[in-house]
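Student: Any chance you could fold what I've pasted below:
(2 chains)
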Amino acid sequence: MHKKPKRYSIFSLIRNALSYHENWQPAWRSPEPKKEYDAIIIGGGGHGLTTAYYLAKNYGLTNIAVLEKGWIGGGNTGRNTTIIRSNYLWDQSAGLYEHALKLWEGMSQELNYNVMFSQRGVMNVAHTLHDVRELKRRWHANRLNDIDCEWLDTNKVKEFCPIINTSQNIRYPVLGATLQRRAGTARHDAVAWGYARGADAMGVDIIQNCEVTSINVKNGQVSGVETTKGQINSKKIGVVTAGHSSVIADMVGIRLPLESRPLQALVSEPVKPIINTVVMSNTIHAYVSQSDKGELVIGAGTDGYISYSQRGGFNIVEDTIAAVVELFPLFSRMKMLRHWGGIVDICPDASPIVSKTHIKGLYFNCGWGTGGFKATPGSGWVFAHTIANDEPHKLNAPFTLNRFSSGELVDEHGAAAVAH
Amino acid sequence: MSTKISFTFDKKKYFGIKGETLASALLRNGIFLVGRSFKYHRPRGIISAGSEEPNAIVQLESGNITEPNVRATEIEIYDGLSATSQNNWPSLNFDLGSINDLFSRFIPAGFYYKTFIWPPKFWEFYEYFIRRAAGLGKSPTTDDPDKYEHLHYHCDILIIGGGISGMYAAKLAAKSNLKTLLLEQNSELGGYDLSNTDSVRTRKLSEELEESNKFKNLKIVKNTSVFAYFHANYLLASQKINKKNLRQVIWKIRAKKVVLATGSIERFLTFHNNDKPGIMLANSARKYLNKYSNKISKEIVIFTNNDSAYKSAIDFHKKGVDVKCIIDLRKQSNGDLVKEAKDLGLKIFFGHVIINTEGKKRINKVIVSEVDEKIENLLGNPKKISCDLLCVSGGWTPTVHLFSQSRGKLIYRESDATFIPDKSFQKEVSIGACNGTFLLKEIFEETFNKMNKIFNEFGIKIEEKFEEITKITFQDKMQHAWIIPSNKNFKKTKMFIDFQNDVTAKDIKLALKEGYRSIEHIKRYTTTGMATDQGKISNVNALGIISNLSNTPIHELGTTTFRLPYTPVTFGAIAGRHIKEFFDVERTTPMHQWHIKNQAKFEDVGQWKRAWYYPKEGENMHQAVNREVKATRDGIGILDASTLGKIDIKGRDSSEFLNRVYTNAWSKLQIGKCRYGLMLGDDGMVIDDGVTSRIRENHYIMTTTTGGAASVMSKLEDWLQTEWPELKVRLTSVTEQFATISLNGPYAINLMKKLCPDQNFSRENFPHMSFKIIKISGIICRVMRISFTGEKCYEINIPSSYAQALWEKCFELGKEFNITPYGTEAMHVLRAEKGFIIVGQETDGSVTPIDLDMSWIVSKKKYDFIGKRALYRSDTIKKDRKQLVGLLTNNPKEILEEGSQIVENISNLPMEMVGHVTSSYYSPNLDRSIALALIKEGIEKKGKKIYIPMPNKTIEATISDPVFVDPLNERLNT
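Tutor: Coordinates of the predicted model:
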């Protein structure tokens, strides 16, 4: 067993500063894989790391490996626009995302790692009568589900976010908005690192640069994986590989109802605080917030084709920027500093899969599409439950693979804040 | 004669010389302190002369043309230019934020992850201050008055970079007669050679190229930076125009071949206190000296690990600046430049390094020490040398950004510690410094050979070589030392790598120590290379230091991804003209002007502007809609329904095609008849509806919803092309070719008779759900008798150009029947009174036809249709699905809010919801409110009471039938 890591605090920071930061420990170890684990998590992104963390924390399963083909948090965890909210329409989604939001609210303290969860509010703007109807429907549903949500008329929108263009003479004027005040943003990398540190402290082996090349199955039960670091055995394997889930599923002949598409985002050069909240618009398709560093963080839509290339078409960026300039004309002279793409895996109903499979001991957590970041802690929580008990948690029971044959879909296409 | 130009910096007036950059002008005025760093607010000066500048970034101008984070090294001064330093308070000289520097020990890389955790509620408070401290310049706060354009360009050869290699490539290409485009990011051609005193070659080449009309196939565009390289040789460039009506242009270029001649960027050296104002890249200083005749300094020290910096020493010396000494960390060099420096009597300290610098807001001394061969341990006693400028050269980094963006693979070259292009992924070649080719003679040869290879592919051969024989300048090997040792303990040093983000060598050590070992983790943990310069100077140094500290060969580390854009691009330019009135072009019907003239209020439906209601003077919306609804039921209501999608379906298998895409059967529909259809997704959920008419045996016209027209069309095409290629069917969208005038009401038939006196409108001859081609005023129209109001209705589809005339004629002839235009709101009320659905309002992608109580439209006999299988899944056949019903509030005056949720029992939160209100209106015909709703097992619950809990009250209502008016359809058939 390894030593428990020292806690972070202002005092440890000062103490270490006095010794010129020579005595910090690694946030997580870099162990070589053991021959066998009680459970293997394939994929060291946010959802994989939280799964390992909660397996250890909630179920005492500490003999666990997280296998990551590159570096942890290098997939969509490090490539999103960091928006966190739980204002979903359907009860099933609201339950899952609200559980996640509650975990976000205590995350920095729980992990002793500041993930900078900033509850600056998320505003979903309506531009047409249809938008108003749909957003009000969601507002009322949130209200009755005891999820904080408010309806703002145009004047209140302006009051809450003074720089938004509320002129009624623009192409798609602002007719109102929903506001979830508890929603906000967080530092995405810190989430991966914080959970990695927390899981590692409980004994989880985080193994980077270890690509799974095949999954071994004996008599309908998984027995382990072949990796670039050799064979590793386990009777429980959780797959959390987002855009590449179909690739892993293909190794055992499972076809997942997923499409993988490029999703793009970008940041501007950093400026002093100018926008105090997160603004999302479905109709004209723009979402904007400002990071602690001062960069405007802007999300674009998915490309209209299927691809594993982490770069999308520039026309999508053009449309998004035009929409941003339309809503915030003052940003016209700001400059795009950095742009990136990720691969998102989208289910036909735009809801995730957190599920057992017909192969015993093999579990999938995927299909989070364009909105997986906000779910990170909740996703790991329920997936850990599913793996530990070989049964879904009540919050992810609606999100099985079976729903695609039963038809019990949770269609968030129209209902999601931004339907991609 | 040089022209003096006045400008202001931090509100103080200065003079510069026409043609020079703001950075040059500031240096000319002795201003070395130009900015404060991001984190520690350390004083910072200009360190480069180009787009790689991390320090000298300013807020340009003010008011509505202000621009944050502008590199002073890139803007040419103009009369009245006004720039302000950023990230300091109260002033650049006295910046309170610099207190951070004193506490820098307590705020190393990633400190914020370890603190500000408790108490949880305080993060908001901490964050307020962190955010105020972060950020550099200020966002504009008013609208941008400028305009931007996009431009498409196709060429045979695109040459990026107008340095020597690029110019020579352009000259060769020009002679080849291939269509060639040469782009240069600066305002003149020449590149690196512009910093030479004897740039004769460059001048000759550029003059030849730019001689007007000499090369008709060659286009040269300056001030244009290529910022993105996509697949299939698609590249984007941003051109600065800075004219009143046009600020910037984005070029979208497709090139058959791309020639990358993007040059290289000088590298810094990492030593203690290497960030003081007055420490500059050696060749940048030389550029200021030679190109702008700007001596900058009186006493200069050079610190280098390679021969190239000797040029700076020689040039400064020749211009009369006191070159105190050259500190060369190598044991020796036999390069020609070194020999020349020796001959000039310049003092050279081989095997020496700079271990520290002094001076607060400008360097005034360097501390020099002898060093061992491995550059690890200091020897002897350090000595102080005073100076006011320190020129540093750590070698050269080929600019491989675009090559990497093109997905080309890099290879590491040990000899000069550079990553150079290895395998191309696209049709592109790299020439000159960006390919790691630095010697002039080699550059010419490489360019000639590579260009000829390209010409060969086009079947062209160019014989002429560059005539001038260039002298080979021998350059001795550089020696890289990623960290320069200091007499201070490493843990106490401040060796900056990323100047703007204040990342030091020891921050990298800390990251490694804490387990952040992947290059991407280190980048993200320390933020190195993430500033506005995106690490153009610093990235290779960061890699080298990681390699050094982690004992990993640099080529095993890999590089971080080179992302677009190469240099930041203005949002306005990216948006181009697609803003304001062109953001999403409005679609209007042929009668749009009439609607405007008649005071219509409009509603956005998809891209369409639809008349919403037509208030008469003094009327509010409610009154107007009531009047329109009443008039339609009593006289004639006329609706502009032109926005409905219309798809022309032709071909042998048209009936079979409709059988597959709609739930009901089509083969037996008679010619001249209309039928309503529901279209499902493959999940069995309703996605569209509309009436389709059979015009001939193999010719139908389909109507879709307004919002669904485009997506239905592409879905139909998708099915035809990918699923059923055997069907002979052809689809044409005719939405805009025909306008639709819908005449509704008991007197609609009277108006039709007046419009077409020759026609027989009897029930037998023209019954409900039938179709006729009728000449109206000589124009062939397609008239359908269908109804979305429950009234007798004729929908006239007329070629668009005649539509307004017919529309007006309807009013003329319909006056006696009180013909009244009604908008979408009245249309909604009228259809809701009849319980007709609107797809997208009563449905949301989770509603089947059975849920809508429309099982009559779902064929049980048909072999298959889209969504059929899904309708028999366990969830779709279960009993307790949500179903469409009517709702009547107990208080008839109460109008429910659309979207409000319905419960059966009032409880504490969370409350169990059983459905929601999809449509809700006041019905003037019933003089009460009506609503439609989707409610769990609603059909069986008719007559039952339910509740709608609103924020401030709970509304009671009773579930009813969704048809409120004329349930037996008597009005249609009388």
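Student: Name the nearest residue to the spatially most central residue of chain A, ignoring sequence neighbours.
Tutor: Using Cα atoms, centre = their mean, the residue of chain A that lies closest to the mean C-alpha position is residue A:373, 1.3 Å off. Taking Cβ to Cβ, 6 or more residues apart in numbering or on different chains as the measure, residue A:373 lies nearest to residue A:80, with 4.3 Å between them; neighbours along the chain are not counted. Every residue, glycine included, has its C-beta placed from N, CA and C.
Student: coming back round to it: would you check that the residue nearest to the centre of chain A makes contact with residue A:46?
Tutor: Yes. Contact criterion Cβ atoms under 8 Å: residue A:373 and residue A:46 qualify, at 6.8 Å.
Student: elements contacting the lowest-mean-pLDDT helix or strand in chain A?
Tutor: Lowest by mean pLDDT, DSSP states H and E among the helices and strands of chain A is helix A:10-18, with a mean of 89. Taking 3 or more Cβ pairs under 8 Å, 6 or more residues apart in numbering or on different chains; DSSP states H and E as contact, the helices and strands that helix A:10-18 lies on are helix B:111-114.
Student: what's in contact with the helix it packs on?
Tutor: Applying Cβ atoms under 8 Å, 6 or more residues apart in numbering or on different chains, the contact partners of helix B:111-114 are A:8, A:9, A:12, A:13, A:113, A:114, A:116, A:187, A:190, A:193, A:194, B:130.
Student: Now for the fifth one, which secondary structure element holds it?
Tutor: Which is residue A:113. According to DSSP states H and E, residue A:113 maps onto no helix or strand at all.
Student: And it, what's its pLDDT?
Tutor: At residue A:113, the pLDDT value in this model is 96.
Student: and residue B:405, backbone torsions?
Tutor: Main-chain dihedrals, residue B:405, degrees, to the nearest 10: phi -60, psi -30.
Student: Repeat that for residue B:617.
Tutor: Backbone torsions of residue B:617, given as degrees, to the nearest 10, read phi -60, psi 130.
Student: Could you name the helices and strands sitting against the longest helix anywhere in chain B?
Tutor: Ranked by residue count and defined by DSSP state H, the top helix of chain B is helix B:440-457. In terms of contact count using 3+ Cβ pairs under 8 Å, 6+ apart, helix B:440-457 is assigned the packing partners helix B:164-176, strand B:246-260, strand B:428-430.
Student: Mind listing residues that contact the helix or strand just after it?
Tutor: If you walk from helix B:440-457 toward the C-terminus, the next helix or strand you reach (DSSP H and E) is strand B:496-498. Surrounding strand B:496-498, the residues in contact under the criterion Cβ under 8 Å, 6+ apart are B:54, B:270, B:274-275, B:502-505, B:508, B:526-531, B:535, B:538, B:541-542, B:545.
Student: Just the closest residue of the stretch 251-400 of chain A to chain B, please.
Tutor: Scanning the stretch 251-400 of chain A for the residue nearest chain B gives residue A:294, at 2.9 Å (criterion: Cβ to the nearest Cβ).
Student: Can you check which residues contact both of residue A:373 and residue A:46?
Tutor: Where contact means Cβ under 8 Å, 6+ apart, the residues bridging residue A:373 and residue A:46 through contact with each are A:77, A:188, A:191.
Student: Neighbours of the second one, how many?
Tutor: To tie it back to what came earlier, the one meant is residue A:188. Around residue A:188 there are 24 other residues, counting by other Cβ atoms under 10 Å in any protein chain shown.
Student: so who does the closest residue to it other than its chain neighbours touch?
Tutor: Residue nearest to residue A:188 in three dimensions, not counting chain neighbours: residue A:82, with 4.9 Å by Cβ to Cβ, 6+ apart. Going by Cβ under 8 Å, 6+ apart, residue A:82 touches A:185, A:186, A:187, A:188, A:289, A:291, A:297, A:373.
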